[in-house]
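Chemist: below: sequence and its predicted model.
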Amino acid sequence: MIDFNGVSCRYKREYAGEGALPVTALDDVSFHIPRGSFIALVGRNGSGKSTAARCMNALQLPSGGTVLVDGADTSDDEMVLTIRQKAGMVFQNPDNQLVSSVVEDDVAFGPENLGLHPDEIRKRVDRAMKAAGIYDRRLDSPDELSGGQKQRVAIAGVLAMEPECIIFDEATAMLDPAGRSAVMEMIRRLRERGTTVVLITHFMEEAAEADEILILKEGKILSRGTPAEIFAVPDLISEAGLDLPAAVKIRNLLRQRGADIPDRVLDIKSLAEWIAGNCPENVPG
Ligand code: ADP
Ligand code: MG
């Protein structure tokens with residue numbers, strides 16, 4: 001679905017004097033995101049995640065290398081609209097993504113720009129608002145909504161475009177736990193429908209749900225693997241400036257005490273199941 005081929009991105013330093021070296025946000029990065037997969041993109045602040053995200057729907061063009069979205073080069077002007085339709089993006093701050101004073105108008109904004117028939121727009125907008133769990137607020141102003149509800153509106157706006165791929169750039173960062181789990185639930189449903197999902201997140205519990213985790217460090221790929229593989233190497237996680245999911249920390253502490261817990265145990269539910277299955281004497285049925 002998405003191919004980065006030797007992608008480099010450089011920014012001019014804003015306040016530096018003449019001759020200052022540019023910031024290299026991405027440095028000769030190559031990776032492939034298969035159609036229908038769920039990939040978590042992680043790394044400390046400034047590692048290049050948002051730059052990579054913006055390259056994925058032609059909001060930004062690389063200074064070197066190529067980005068292909070479903071085979072279309074993002075630097076091809078004639079393909080930009082097609083690319084934006086195929087790859088939708090949800091940002092951190094929902095306030096920056098909402099443009100209208102009524103929820104359903106906001107959700108309709110994208111499809112209207114596609115020039116679809118009004119009946120088709122109505123269908124898509126209703127479907128998207130229902131999928132995002134915001135249908136009952138459709139006639140309200142986004143100003144009256146909580147951060148989590150606004151993010152649902154922003155997600156509905158992307159869903160209404162019916163993209164094949166959605167990139168979430170720290171879309172849960174400003175939400176409370178309930179808002180975060182609602183977004184994760186939407187992501188689970190999207191992947192069941194075969195939508196490609198790229199999730200940029202600081203929450204390793206969220207990354208643990210992906211098919212694969214890609215770690216960026218200083219604009220380069222530090223590692224890529226399944227969550228079980230990535231979280232099996234704590235040194236890698238600390239080198240990337242990241243933390244292990246809580247369940248993996250507890251798992252590792254139990255391992256130090258001799259428990260033979262497999263690498264696939266990454267979340268609290270499977271950890272609890274492992275404990276109940278292996279130490280039944282300590283867990284009343
Ligand atoms: P992340 O999303 O992982 O925090 P970014 O892609 O936002 O990383 O930033 C990568 C690097 O590029 C950082 O050093 C950041 O300061 C720099 N950078 C990002 N956007 C700009 C910009 N518009 N102008 C100048 N430098 C930028
Ligand atoms: Mg960012």
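Modeler: Cool, the structure landed. Ligands and ions are numbered 1, 2, ... in the order given.
Chemist: buried residues in stretch 75-94, which are they?
Modeler: 79-80, 83-92, 94 (16 or more other CB atoms under 10 Å). All C-beta spots, glycine's among them, are computed from the backbone N, C-alpha and C.
Chemist: what does the chain put close to ligand 1?
Modeler: 11, 23, 25, 43, 45-51 (CB under 6 Å from any ligand atom).
Chemist: thought Asp211 was touching Thr226?
Modeler: Yes: between Asp211 and Thr226 a contact is recorded at 7.0 Å, counting by CB atoms under 8 Å.
Chemist: need the residues touching each of these two.
Modeler: Common neighbours of Asp211 and Thr226, using CB atoms under 8 Å, 6 or more residues apart in numbering, do not exist here.
Chemist: of the residues of the chain next to ligand 1, buried ones?
Modeler: Counted by 16+ other CB under 10 Å, these give 23, 25, 43, 47-51 as buried.
Chemist: in these, find the pair that's most separated.
Modeler: Spanning the widest gap among these are Val23 and Gly43, at 15.2 Å by CB to CB.
Chemist: and the residue nearest the centre of the chain, what element?
Modeler: Closest to where the C-alpha atoms of the chain average out (CA atoms, centre = their mean) is Leu199, at 1.7 Å. According to DSSP states H and E, Leu199 maps onto strand 196-200.
Chemist: hmm, back to that, filter the buried ones among the residues of the chain next to ligand 1 down to just the ones in helices.
Modeler: 49-51 (DSSP state H).
Chemist: list the contacts of the strand holding Leu199.
Modeler: In contact with strand 196-200 (CB under 8 Å, 6+ apart) are residues 1-2, 33-42, 49-50, 53, 56, 164-170, 187, 190-191, 206-207, 210.
Chemist: next, format the buried ones among the residues of the chain next to ligand 1 as JSON lines and append pLDDT.
Modeler: Conversion of those to JSON lines gives the following (pLDDT from 0 to 100):
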{"residue": "Val23", "pLDDT": "90"}
{"residue": "Ala25", "pLDDT": "96"}
{"residue": "Gly43", "pLDDT": "97"}
{"residue": "Ser47", "pLDDT": "96"}
{"residue": "Gly48", "pLDDT": "97"}
{"residue": "Lys49", "pLDDT": "97"}
{"residue": "Ser50", "pLDDT": "96"}
{"residue": "Thr51", "pLDDT": "97"}
